[in-house]
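In: Fold the stuff below for me.
(one chain, ligands or ions: 1)
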Amino acid sequence: MSEGTKLLEQTRNLIKECIDELGVNPSVYEYMKEPRKTIIVNIPVKMDDGTVKSFTGYRVQHNNALGPYKGGIRFHPNADLDEVKALATLMTLKTAIIEGVPFGGGKGGVTVDPKKLSQSELQRLSRGYIRAISLFIGTKKDIPAPDVNTNPQIMAWMADEYSYIRRQAEHEIITGKPIEIGGSKGRTQATSRGLMFVAQKACELIGINFEGSEVVIQGFGNVGGNAAILFHEAGAKVIAVSDVEGAIYNRNGLDIPELIKYNKQYGTIATYPDAKQITNEELLELECDILAPCALENQITKENAPRIKAKIIAEGANGPTTAEADKILEEKGILICPDVIANAGGVVVSYLEWVQGNYHFQWKEETVNAELYEKIVPAFEKIYNFAQERKISMRRSAFMVGIKRLADVMEIRGWLSK
Ligand code: GLU
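Out: This is a model prediction of the structure:
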């Protein structure tokens, strides 16, 4: 069973349980168990050596009760249909949890290892993907964004291609673009900043001083790398980080600015000299205040959960904790900040980018960051309070908050009753 299939199954199961427990109209499940539309495309790409290679791409449109489908595009060798479906479902919940973000949930993926492509091959693949799904997306229909292994440059190629197809400037089709072509200030760091806001609030709730707290981060991509910078700048002590090549640890705190420089130069942090090299497994089990898994799904499992010693888990990645692990961590009294709220900063600022794009206006970064705080922290507190009231886990609470809002909107739109 692929990691994506596992994530899809556990997400569906929890949705079903939450619908039953909430007592909302059971028909909501009929809208949530499967996406509204699944698009699978074959993307032939001319390679630099003159041959043609084809790649499989997906766009899954899960639910649009609240507004246009919204979600990132992942380039990864393990991306498969079930993974994209699961991630699209999580997007539906994410946008439903945050009030004032009028989006539904969607996700895209291409099965590819982008590290094996040259820049020009990557550009042709990105443009080919957008061409293949262009009929199904739109600034009021479905708005893609970055995800694992995709970045502002890739978004720029995609926005350019879409504008070319439409024969008019339509950069609002995509968020997470470079500022030069209508991106928002603060978008690149938004997921990590939201994660930090949530982690800070979590510390406050359980009486940990965020400044000086010990933080372990799994993953050093856009989310993990920026989380390391922001947590460090805010006074936390980042003691361990990892990337696909390995993990490093320094109990006295890593010198994050130096580490960032090192990563730029060598393309990995795994060989950084001023730290102890450890395995990714050891990293997850380190004693710390905050563990932030910011890589891929199913990293915290029933095998390693009993050995996790963090006090707070702040999920920068989507689906990093399996359902079985969730139960174990809960019994251990670890405060989990679930993905659908902890990493929602990205989509919140994507919304702000979309608003700015539609008005052809640019806000200051402080305005964006303040708006992000206003949207994410009260939503997190609501989930925390609901979990306390109902004596349920944080993930269950988050799912319930999102499902309740979706059920209300579906009812108003006339999707549920006769
Ligand atoms: N890929 C990000 C996520 O999983 C951002 C999505 C977006 O901005 O639309 O939330």
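In: Which element, helix or strand, includes the closest residue to the ligand within the stretch 1-150 of the chain?
Out: Closest contact between the stretch 1-150 of the chain and the ligand, by CB to the nearest ligand atom, is at Gly72 (2.7 Å). Every residue, glycine included, has its C-beta placed from N, CA and C. Here Gly72, judged by DSSP states H and E, is contained in strand 69-76.
In: C-terminal to the longest helix anywhere in the chain, what's the next element?
Out: As assigned by DSSP state H, the longest helix anywhere in the chain is helix 365-390. Later in the chain than helix 365-390, the nearest helix or strand by DSSP H and E is helix 394-413.
In: tell me what that following helix is packed against?
Out: Under the contact definition 3 or more CB pairs under 8 Å, 6 or more residues apart in numbering; DSSP states H and E, helix 394-413 sits against helix 3-22, helix 28-32, helix 81-97, strand 335-337, helix 339-342, helix 365-390.
In: What residues sit buried inside the second one?
Out: Read it as helix 28-32. By 16 or more other CB atoms under 10 Å, the buried positions in helix 28-32 come out as 28-29, 31-32.
In: Greatest separation within those: which pair is it?
Out: Spatially, the most separated pair among the buried residues of helix 28-32 is Tyr29 and Tyr31, at 7.3 Å (CB to CB).
In: just to confirm, which helix or strand has the nearest residue to Ala310 once chain neighbours are set aside in it?
Out: Spatially, and ignoring its direct neighbours in sequence, Ala310 is nearest to Leu291 (3.6 Å; CB to CB, 6 or more residues apart in numbering). Using DSSP H and E, Leu291 maps to strand 290-293.
In: Average pLDDT for that strand, rounded please.
Out: The average pLDDT for strand 290-293 rounds to 98.
In: name the helices or strands packed onto that strand?
Out: Strand 290-293 sits against helix 190-206, strand 214-218, helix 222-233, strand 312-314, with contacts defined as 3+ CB pairs under 8 Å, 6+ apart.
In: just to revisit the earlier point, burial check on the residue nearest to Ala310, number of neighbours?
Out: Neighbour count for Leu291, taken as other CB atoms under 10 Å: 29.
In: Just confirm His62 contacts Thr89, I think it does.
Out: Yes - the criterion here is CB atoms under 8 Å, and His62 meets it with Thr89 at 5.4 Å.
In: okay, and the common contacts of these two?
Out: 32, 35, 105 (CB atoms under 8 Å, 6 or more residues apart in numbering).
In: how about these in JSON lines, adding distance to Gln299?
Out: Shown next, in JSON lines, are the shared contacts of His62 and Thr89 (distance: CB to CB, whole Å):
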{"residue": "Met32", "distance to Gln299": "25"}
{"residue": "Pro35", "distance to Gln299": "25"}
{"residue": "Gly105", "distance to Gln299": "22"}
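In: pLDDT and distance to Ala234 added to those, as TSV?
Out: Converted to TSV, the shared contacts of His62 and Thr89 look like this (pLDDT from 0 to 100; distance: CB to CB, whole Å):
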residue	pLDDT	distance to Ala234
Met32	98	36
Pro35	98	37
Gly105	98	30
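In: and the stretch 101-250 of the chain, which of its residues are near the ligand?
Out: By CB under 6 Å from any ligand atom, the residues of the stretch 101-250 of the chain that approach the ligand are 145, 147, 175.
In: Checking the last one next. Helix, strand or coil?
Out: In other words, Thr175. Judged by DSSP: H, G, I helix; E, B strand; the rest coil, the three-state class of Thr175 is coil.
In: Who are the contact partners of it?
Out: Counting by CB under 8 Å, 6+ apart, Thr175 makes contact with 143-145, 155, 183-184, 187, 349-351, 353-354, 357.
In: Now, these that are in helices?
Out: In helices, defined here by DSSP H, the members of the contacts of Thr175 are 155, 349-351, 353-354, 357.
In: thinking again about what came up before, ok, what's across the strand from the residue of the stretch 1-150 of the chain closest to the ligand?
Out: Beta-bridge pairing of Gly72 under DSSP bridges involves Ala145.
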